[in-house]
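Asker: A predicted structure for the sequence below; I have some questions about it.
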Amino acid sequence: MVYQIKTIGNNIDQKGLSELGDQFAIDQVTEEKAHAFLCRAQNFHTYKFSENLLAIGRAGAGFNNIPVEQCSSQGIVVFNAPGGNANAVKELVLAMMIFGSRNLKPANKWLSEQLGSDQAIDLAVEKGKKAFSGSEIAGKTIGIIGLGNIGSRVANDAEKLGMKVIGYDPYIAVERAWEISSHVKRVTQLSDIFEQADYITIHTPLTKETRGMYGAENFAKMKKGVVVLNFARDEITDKDAVLEYINNGTIQHFATDFGSEKFYHQDAIFVTPHLGGSTAEASLNCTRMAANSLKRYLMTGEIINSVNFPRVVQELNSPYRITLINKNVPNVVANIAALVSEQSINIANIVNRGQGEFAYTLLDLDESNADKIDALVDQFKANENIVRVRVIQR
Ligand SMILES: NC(=O)c1ccc[n+]([C@@H]2O[C@H](COP(=O)([O-])OP(=O)(O)OC[C@H]3O[C@@H](n4cnc5c(N)ncnc54)[C@H](O)[C@@H]3O)[C@@H](O)[C@H]2O)c1
Ligand SMILES: O=C(O)CC[C@@H](O)C(=O)O
């Protein structure tokens, strides 16, 4: 079987796809006929997914561009690439902190307005540069909201640069907690970040809690002269509040990865065009991770790095594996087992893991008779609690 992958958008690293191998064809069919999409930040919220679509690989971290609940109900497994671009974002954030505290944007603008001979410019520079005198990050306090793949890296490197680091993450993963330097102080109140930090950076997904977190209520707690950064998601920032707190002298510099006309022509604001994860290394990492997850899922039914289904890793040693995406309701597993038993098939292995409203069931069968497998598949397809049935032959 050849699996058809469709890349959506034009930013997919082709080298990252080369490892997929002969059983995968890239961009050979229409979106309608594809088994899987591989995408970056394209918005799928108004998209109508075809019944042929089994999976979406997001070559990046954030997945708010994908209607995940809709995918679950249609039996589409969504994968992302956790950590694949974390170093890229971390480097840009550290650069932007220094960029902001050294007033490089207004300084560069002022310099480009100085005309004449090099000697004349030199004279003007020595006279005027004091207006752009900045401050150093060493010894200052950085407050980090979200200590995941990116936030934990920012925390460790900021500490190495001599900063005092405080971090807020009520949902921190155990692996991340182990990776973070013991010098990083965890705070349990979000207000501690806004009250204590000289630099504030956010590295969370966009959620109900984080939408508008950069807004007047939290900004009112900040110290004067703070540098604020948002390289996570646009909707975290209330733009009018940023302008208000720049104008009242609280925010010295605001750096963001998300463009808005409100932010243009502002000396205290520096905007990058969603470049956080845009490095050659990150693109390759993320494409590789998403492509490998798709490959594994399509070829073996195993799930790793999915955002809507649990991790399921199980070696296939039987002639047939049937994978089911089913509603996470009582008795489904018993019904599945009963249908298998009706066909006089022996179950070699069964794994059932639920996540929210749906569950993933992996059924390895001690049966080589294709007709019996087909009959069982028909039964599964007719079951109202099962939304997706796939057969994988060893
Ligand atoms: N600018 C870019 O190009 C770019 C690139 C990568 C990621 N991102 C954004 O950055 C986000 C973080 O990326 P990551 O790779 O570190 O993800 P991650 O999943 O590894 O980490 C996110 C962290 O945020 C924490 N969190 C969730 N809700 C929180 C809350 N209300 N308060 C505090 N912490 C909270 C989680 O517990 C987790 O530790 C992504 O979701 C994405 O939106 C942007
Ligand atoms: O694909 C991109 O360039 C953006 C990536 C970034 O927003 C992410 O969440 O990983």
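Answerer: The structure has been received and is ready for your questions. Computed from a predicted structure; not experimentally measured. Numbers count the residues shown, from 1 in each chain. Ligands and ions are numbered 1, 2, ... in the order given.
Asker: against residue 70, how distant is whatever residue of the stretch 101-250 of the chain ends up closest to ligand 1?
Answerer: Closest residue of the stretch 101-250 of the chain to ligand 1, Cβ to the nearest ligand atom: residue 148 (1.7 Å). Quick note: C-beta positions are derived from backbone N, CA and C, even for glycine. As judged by Cβ to Cβ, to the nearest Å, residue 148 and residue 70 stand 25 Å apart.
Asker: more crowded one of the two?
Answerer: The neighbour comparison of residue 148 against residue 70 (other Cβ atoms under 10 Å) goes to residue 148, with 20 against 15.
Asker: ok, the more buried one - contacts?
Answerer: 169, 172-173, 176, 203-204 (Cβ atoms under 8 Å, 6 or more residues apart in numbering).
Asker: reformat those residues as a markdown table; add pLDDT, distance to ligand 2 and neighbour count.
Answerer: Below are these laid out as a markdown table (pLDDT from 0 to 100; distance: Cβ to the nearest ligand atom, whole Å; neighbours: other Cβ atoms under 10 Å):
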| residue | pLDDT | distance to ligand 2 | neighbour count |
| --- | --- | --- | --- |
| 169 | 98 | 17 | 22 |
| 172 | 98 | 19 | 17 |
| 173 | 96 | 17 | 14 |
| 176 | 96 | 17 | 18 |
| 203 | 98 | 10 | 28 |
| 204 | 98 | 11 | 22 |
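Asker: what's the closest non-adjacent residue to the residue of the stretch 201-350 of the chain at minimum distance from ligand 1?
Answerer: Closest approach between the stretch 201-350 of the chain and ligand 1, counting by Cβ to the nearest ligand atom: residue 276, at 2.6 Å. Of all residues not flanking residue 276 in the chain, residue 89 sits nearest, at 4.1 Å (Cβ to Cβ, 6 or more residues apart in numbering).
Asker: establish whether the helix or strand that neighbour falls within and ligand 1 are in contact.
Answerer: Assigned by DSSP states H and E, residue 89 falls within helix 86-101. Yes: Helix 86-101 lies within reach of ligand 1 by Cβ under 6 Å from any ligand atom, at 86, 89.
Asker: take that helix, keep the C-alpha atoms, and write them as PDB.
Answerer: The C-alpha trace of helix 86-101 is given here as PDB (Å, rounded to 0.1, in the frame of the first residue of the first chain):
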ATOM      1  CA  ALA A  86      12.000  25.200  21.000                       C
ATOM      2  CA  ASN A  87      15.600  26.100  20.600                       C
ATOM      3  CA  ALA A  88      14.800  28.400  17.700                       C
ATOM      4  CA  VAL A  89      12.200  30.300  19.700                       C
ATOM      5  CA  LYS A  90      14.400  30.500  22.800                       C
ATOM      6  CA  GLU A  91      17.300  32.000  20.800                       C
ATOM      7  CA  LEU A  92      15.000  34.700  19.300                       C
ATOM      8  CA  VAL A  93      13.500  35.500  22.700                       C
ATOM      9  CA  LEU A  94      16.900  36.000  24.300                       C
ATOM     10  CA  ALA A  95      17.900  38.200  21.400                       C
ATOM     11  CA  MET A  96      14.800  40.200  21.700                       C
ATOM     12  CA  MET A  97      15.300  40.800  25.400                       C
ATOM     13  CA  ILE A  98      18.700  42.300  24.800                       C
ATOM     14  CA  PHE A  99      17.400  44.100  21.700                       C
ATOM     15  CA  GLY A 100      14.800  45.800  23.800                       C
ATOM     16  CA  SER A 101      16.800  46.700  26.800                       C
END
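Asker: just give me how far whichever helix or strand comes after it sits from the chain centre.
Answerer: Moving toward the C-terminus from helix 86-101, the next helix or strand (DSSP H and E) is helix 104-112. Relative to its chain's centre, helix 104-112 lies at 34 Å (Cα atoms, centre = their mean, to the nearest Å).
Asker: likewise stretch 112-132?
Answerer: 44 Å.
Asker: check stretch 55-62 too.
Answerer: Averaging C-alpha positions (Cα atoms, centre = their mean) puts stretch 55-62 7 Å from its chain's average.
Asker: show the average pLDDT along it.
Answerer: Averaged across stretch 55-62, pLDDT comes to 97.
Asker: can you give me the end-to-end distance of that stretch?
Answerer: Across stretch 55-62, the terminal residues are separated by 16 Å (Cα to Cα, to the nearest Å).
Asker: what parts of the stretch 1-150 of the chain come near ligand 2?
Answerer: 40-41, 60-62, 85.
Asker: need the residues you listed in TSV with distance to residue 312, can you?
Answerer: Below are these laid out as TSV (distance: Cβ to Cβ, whole Å):
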residue	distance to residue 312
40	26
41	27
60	23
61	22
62	24
85	25
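Asker: the helices in the stretch 251-394 of the chain, which residues?
Answerer: 280-300, 332-342, 370-382 (DSSP state H, counting those that start in this stretch).
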